[in-house]
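1. Structural data only, the sequence is not supplied:
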Ligand code: CA
């Protein structure tokens, strides 16, 4: 028992001396019924202690040494890790740059595509703007402008500039008023509804599709029916078609009637003696009239004898792109037929691009009489003749455009008009009038269509 008490008290002796060495430590003693000493030892925190380092044990030194080694090792590992991390960063940076470069390249390509797309849209908008400006110009040429008395080259398409036009002319006011403002019921009451004689163009109906070309050669061309067939071999039901795409246009397809035409079953194919230029050909009294390629030479070809009847140069006529219609296509010389015979619509160097109209002898092709208008040929899409009057189409692509000008060969008066016209297929390359059918024939972007037309009585005497 005493030994146990002594052992329990030894720490007290040691700690008691330690307590004496420092006044910052304290020791408390207590006893319990089991005759055991209990001591409570309190010491200040290490940073406040004045214990000398020599008081550290060898084990503590060893631990410190090992900690130092571990710190050194950790430092090296960290340094290596940082080095490794740097390499990874460089690698990652290279990959990142490559990805960024690829991304930039893709975005650049996309931007280039967008730019090209926008450029195309700009071109299309500019073209549409030009068309709209042209139509707006036509609309501005309303009767109220007759109060102006000036004209000149810069206003060539304005009726006021036409030297043959007289301000206050009743024709112009009458045309404008009745085309745009008079109700249809009023027109019908005047008897125009059933009017079938020769008169002025009142309206053009919606296009009626008869045939769609099935190859690229049918992008544009000519198709017609003869308004005045002379014999029984071909009739006014016969349909004639020429695909005008190609370097050597010589094939003339003949169809029994509109049904066979729509089905695509030609009766025969004629080979023309000379290659054809553009889409200005016409059919009249069993003959085909057309412009020989790369020339101002007109060809008169007999459909019944299938032979050349005559050929003659159209005096001073421009050709092969000098003064075409707005859609191009070497449409310099446009031949037309109406109630009064065979016509050529073209321009000359002397006329400087203004439309010239010449009435031709159907046999010899000699010019019988000519008229020079003030409308530039390349500002209109096409033209046709009705009852001795020239009518021009404002646009070949606008789905809703107008017949925007008329020139009367009887009075040499040119007038702006606005008769609605639809280019349903947006690329109208041919437009001709058939006075027997009272229809316009058109070739609109592979589509062969007709339009019903209505004429009105002419107030100052029918012709
Ligand atoms: Ca024409």
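-> Nice, thanks for sending it over. Being a predicted model, the structure only gives us computed values, none of them experimental.

2. quick one: low-confidence ranges for this protein?
-> 1-93, 128, 130-194, 459-463 (pLDDT under 70).

3. all helices for it, in order.
-> 2-21, 58-140, 170-180, 184-189, 258-263 (DSSP state H).

4. how about the residues of the chain near the ion?
-> Counting by CB under 5 Å from the ion, the residues of the chain lying close to the ion are 334, 382, 384, 431-432. All C-beta spots, glycine's among them, are computed from the backbone N, C-alpha and C.

5. and which of the residues you listed is nearest residue 449?
-> Residue 449 has its nearest neighbour among the residues of the chain next to the ion in residue 431, at 10.1 Å by CB to CB.

6. quick one: contacts for that closest one?
-> The contact partners of residue 431, by CB atoms under 8 Å, 6 or more residues apart in numbering, come to 381-384, 393, 440-442.

7. On the strand side of things, show who it bridges to.
-> Applying DSSP bridges to residue 431 gives these bridge partners: residue 442.

8. what's the distance between it and residue 283?
-> Separation of residue 431 from residue 283 (CB to CB, to the nearest Å): 15 Å.

9. Tell me which residues of stretch 356-373 come out buried.
-> 356-360, 362, 365, 367, 370-373 (16 or more other CB atoms under 10 Å).

10. Kindly report the same for stretch 252-261.
-> Those would be 252-256, 260-261, for stretch 252-261 by 16+ other CB under 10 Å.

11. What is the nearest of the residues you listed to the ion?
-> The nearest member of the buried residues of stretch 252-261 to the ion, counting by CB to the ion, is residue 252 at 17.6 Å.

12. Is it correct that that closest one is in contact with residue 267?
-> No. The criterion here is CB atoms under 8 Å, and residue 252 misses it with residue 267 at 11.3 Å.

13. one step back: just the buried subset of the residues of the chain next to the ion, please.
-> Buried among those by 16+ other CB under 10 Å: 334, 382, 384, 431-432.

14. would you turn the residues you listed into a markdown table with distance to residue 207?
-> Formatted as a markdown table, those follow (distance: CB to CB, whole Å):
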| residue | distance to residue 207 |
| --- | --- |
| 334 | 20 |
| 382 | 14 |
| 384 | 15 |
| 431 | 11 |
| 432 | 14 |
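
15. any idea which of those residues is the one closest to residue 95?
-> residue 382 (62.3 Å).

16. can you tell me how far the residue lying closest to the closest one once chain neighbours are set aside sits from residue 363?
-> Closest residue in space to residue 382, ignoring its immediate chain neighbours: residue 431 at 4.0 Å, by CB to CB, 6 or more residues apart in numbering. Note on residue 431: its distance to residue 363, by CB to CB, is 26 Å.

17. For the residue of the stretch 201-350 of the chain found nearest the ion, list each beta-bridge partner.
-> Going by CB to the ion, the ion is nearest to residue 334 of the stretch 201-350 of the chain, at 4.4 Å. Beta bridges link residue 334 to residue 345 when assigned by DSSP bridges.
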